[in-house]
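Colleague: Here you go, sequence then predicted model.
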Amino acid sequence: MLDMKLLRERTEFVRERLATRNAGDETKVTEVLALDESRRSALAEAETLKARRNSASKEIGGLIGQKRLEEAESKKAEVRALGDRIAELDKTAAQAESARDALLLMIPNLPHASVALGKDAADNPEIRVHGQKATFDFKALNHVELCEKLRLIDFARGAKLSGSGFLLYTGWGARLERALINFLLDLHLQEHGYTEVAPPYIIGEHCMVGVGQFPKFRDQAYAVQEGLDTSTMGKLYLLPTAEAPVANIHREEILAEKQLPVRYCAYSPCFRAEAGAAGLGTRGMIRVHQFDKVELIKVVHPDQGYEELEKMVQNAETVLQRLGLHYRVINLCTGDMGFASAKTYDIEVWAPGQGTYLEVSSCSNCEDYQSRRMNLRFKRESDGQNLFPHLLNGSGTALARLFVALVETHQQADGSIRIPEPLRPYLRAEVIPAPTAAA
RNA sequence: GGAGGGGUGGCAGAGUGGUCUAAUGCGGCGGUCUUGAAAACCGCUGUGGGCUGACGCUCACCGGGGGUUCGAAUCCCUCCCCCUCCGCCA
C-alpha cells in the first residue's frame, strides 16, 4: 500500500500519478485523507485523556497503599468518567483506521516516472527484440496439432479429469515439461545467483493480501476448504503464482542490511480461476487453469531496485536465448500495469503456430508497495533506521507458453521436434521423435 | 480426531491486580583500564503511532482480538500458533 505520509504531504503528486493508470483510483485519495484526519484527531484527544488517567491511577494506588480509602474512592469516581470518553474516542479512531486501511488496500501502486503514459496494451513501448520469426519450408503445425500428433498432451483426457483448462501431459510431453523446469532452475541457481526455495502450494489469505492479489482479485483465486468443514472455506488458497508465498517469506521481519539483496528462485504450479476471461475457451495451452512456472523474487535495497529489475529481465531473457526462441521485451504503460507494480517489463515469445507473441514473463519492481503491506523492513546500518526494501518479482519463465513456443519453433519437416542444445542433458535426448505408424 | 503442556525484549528466563518505566543472565554496541587483547567495571541496547519548527512530550504493544477494573503481562471470553503423547495416514 501507499505511504500515508506521502499521501498527506504530496497529495497532488499522488493524485496525478494514480490518474496515469486510467483506473479512476485518484478519486479515493480525498476519502482516505478524511478518514486519516478523523483518526488522528480522535487519537490525539484520547491520548491526552489516557495520560491523565494513567497518572490518576497511580495516585489511587498510592492512596490505597496509605490506607486513605475514602480519598481513593472519590478519585476513582472522578476517573471513571474519563474511561467512558476514552472508550468512545478509541472506537472512533479504530473505526477510522480500519476504514482508511481497507481503502488504502484498494489503491494501486504509483507508476515509476520512467513508465510510458498510455491507456492499454496498444500503448506499450517495445524495448528490444531478439532473433527473428521462424520460417518453415514445409507446412508448419500449431502446438495443438503437434501435441496431439506426438502425444505430448492428451487434451481430451485432461478435460475428462478436471474440466477444460487442465492439461494431461503424456510421454515425451511430460518429460519435456520436467526437463524445462530443471533447466530453468539450474540456470538461475548456477548462473544468476538465486537461491532455490520450494514453497507450499496452498497459502494463507495474508500472503495474497501481502502481494496485492487481495482484496481486489479475490474472484480469480481457487479457495480451498478442509473436507466438509465449510467454516474453513477461504482461509487457504491455491497459489496463483509462487510470488505469493515466496515474496512473503520474510514478512513482518526486520532484515539486516547486509542480508540484502535476497534472491529466491522457486518452481511451482500456478492456479488461476480465470473467471470471466475471454480466452479460456481457446483450445490448447495458451490460457489454462493450471500451469507450471519458475519464479524469481528479490528483496533489495531501494537504491538498487531498478538496477536489479534490469538484471532480472536479462535473467529471464537468457532462458529464451538459450532455447533459440525469438522474443521481444516490452514495457507496460501506465494504463496496462499490474496493481502492485511501479514498473513492469513483459517478455513475449514468438509462437509461429499461433502467429502471435505470447507473454512468458512479467518482471516488476513493486518498490515498497508490497513490503509495506507485509511489514517487511531492513535495518539501515548507518543510522539504525528501519526502511522498506524494494520487492521484485519476475517469471523465469512460465512453462506452458514456453512449451508452445518451443515445439512450434523447433518442429522439423519429418514431424520431429529438435531439442535445443542446452536442454538436451535434461531431456536426455536430441529430438522428440516423430510418431511412427505403429504408435 | 483424542489428551496434556506452552506462547514475555535479539536469545534464555522471572513476573498471579498498583513505582512493570518488565527482574536477572547471555548476546550486541560504546567507554574505562591495557603496548594490544582477554578479564573486570560503567553506560547504552525493541516496535509502531500521535503532537511539535525543534529540544522534546506522550500513547500503545508481554501470540491476535474482545471483556472486567480507577488501573491488566497478571483475572475472564475467544481465536491463532508451537511442543509432547495416543489414534489414523503417504
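Modeller: Good, I have the coordinates. These numbers come from a predicted model, not from an experiment. Numbers count the residues shown, from 1 in each chain, chains lettered A, B, ... in the order given.
Colleague: Assign a three-state SS to the nearest residue to A:Gly171 once chain neighbours are set aside, would you?
Modeller: Excluding the flanking residues, the one nearest A:Gly171 by C-beta to C-beta, 6 or more residues apart in numbering is A:Arg151, at 5.5 Å. Quick note: C-beta positions are derived from backbone N, CA and C, even for glycine. Put simply, A:Arg151 is coil when judged by DSSP: H, G, I helix; E, B strand; the rest coil.
Colleague: From what I see, A:Arg151 and A:Gly173 are in contact.
Modeller: Yes: A:Arg151 lies in contact with A:Gly173 (C-beta atoms under 8 Å); the separation is 7.1 Å.
Colleague: Those two: who's more crowded?
Modeller: Neighbour count, other C-beta atoms under 10 Å: between A:Arg151 and A:Gly173, A:Gly173 has more, with 21 against 14.
Colleague: wait, A:Gln385 sits on A:Pro302?
Modeller: No: using C-beta under 8 Å, A:Gln385 is not in contact with A:Pro302; the gap is 12.0 Å.
Colleague: of the two, who's got more company?
Modeller: Neighbours were counted for A:Gln385 and for A:Pro302 using other C-beta under 10 Å; A:Pro302 has more, 16 against 10.
Colleague: quick one, what contacts the closest residue to the more buried one other than its chain neighbours?
Modeller: Nearest non-adjacent residue to A:Pro302, counting by C-beta to C-beta, 6+ apart: A:His390, 5.2 Å away. By C-beta atoms under 8 Å, 6 or more residues apart in numbering, the residues touching A:His390 are A:298-302, A:304-305, A:308, A:365-368, A:371.
Colleague: switch to 7 Å and redo it
Modeller: By C-beta atoms under 7 Å, 6 or more residues apart in numbering, the contact set of A:His390 is A:Val300, A:Pro302, A:Gly305, A:Asn365, A:Glu367, A:Asp368.
Colleague: Which of those fall in helices?
Modeller: A:Gly305 (DSSP state H).
Colleague: how many neighbours does the residue of the stretch 201-350 of chain A found nearest RNA strand B have?
Modeller: The stretch 201-350 of chain A approaches RNA strand B most closely through A:Ile254 (6.3 Å), counting by C-beta to the nearest atom of the strand. Using other C-beta under 10 Å, A:Ile254 is surrounded by 12 other residues.
Colleague: Please name the nearest non-neighbouring residue to it.
Modeller: Nearest residue to A:Ile254, sequence neighbours excluded (C-beta to C-beta, 6+ apart): A:Arg377, at 4.9 Å.
Colleague: how much space is there between the one you found and RNA strand B?
Modeller: Distance of A:Arg377 to RNA strand B, computed by C-beta to the nearest atom of the strand, to the nearest Å: 6 Å.
Colleague: hang on, that residue packs against A:Leu387?
Modeller: Yes: under the criterion of C-beta atoms under 7 Å, A:Arg377 makes contact with A:Leu387 at 6.2 Å.
Colleague: lowest average confidence, helix or strand, in chain A?
Modeller: The weakest-scoring helix or strand in chain A, judged by mean pLDDT, DSSP states H and E, is strand A:254-256 (a mean of 84).
Colleague: Direction included, what does that one pair against?
Modeller: Here strand A:254-256 has these sheet partners by DSSP bridges: strand A:377-379 (parallel).
Colleague: How about A:Arg100, nearest residue that isn't a chain neighbour?
Modeller: Residue nearest to A:Arg100 in three dimensions, not counting chain neighbours: A:Leu35, with 3.9 Å by C-beta to C-beta, 6+ apart.
Colleague: What degree of burial does the one you found show, as a neighbour count?
Modeller: Counted with other C-beta under 10 Å, A:Leu35 comes out at 20.
Colleague: Identify the residues contacting it.
Modeller: A:Ala96, A:Ala99, A:Arg100, A:Leu103.
Colleague: A:Glu359 too?
Modeller: Contacts of A:Glu359 (C-beta under 7 Å, 6+ apart): A:Asp346, A:Glu348.
Colleague: related to what we said a few turns ago, where does the residue nearest to A:Arg100 fall, secondary structure wise?
Modeller: Using DSSP states H and E, A:Leu35 sits in helix A:28-65.
Colleague: Show me what counts as buried in that helix.
Modeller: Within helix A:28-65, the residues that count as buried by 16 or more other C-beta atoms under 10 Å are A:29, A:32-33, A:35-36, A:38-39, A:42-43, A:45-46, A:49, A:53, A:60, A:63.
Colleague: Pick out whichever of the residues you listed sits closest to A:Ser268.
Modeller: Nearest to A:Ser268 among these is A:Val32, at 34.6 Å by C-beta to C-beta.
Colleague: The closest one touches A:Leu6, doesn't it?
Modeller: No: A:Val32 is beyond contact range of A:Leu6, at 11.4 Å (criterion: C-beta under 7 Å).
Colleague: Sweet, I'm off.
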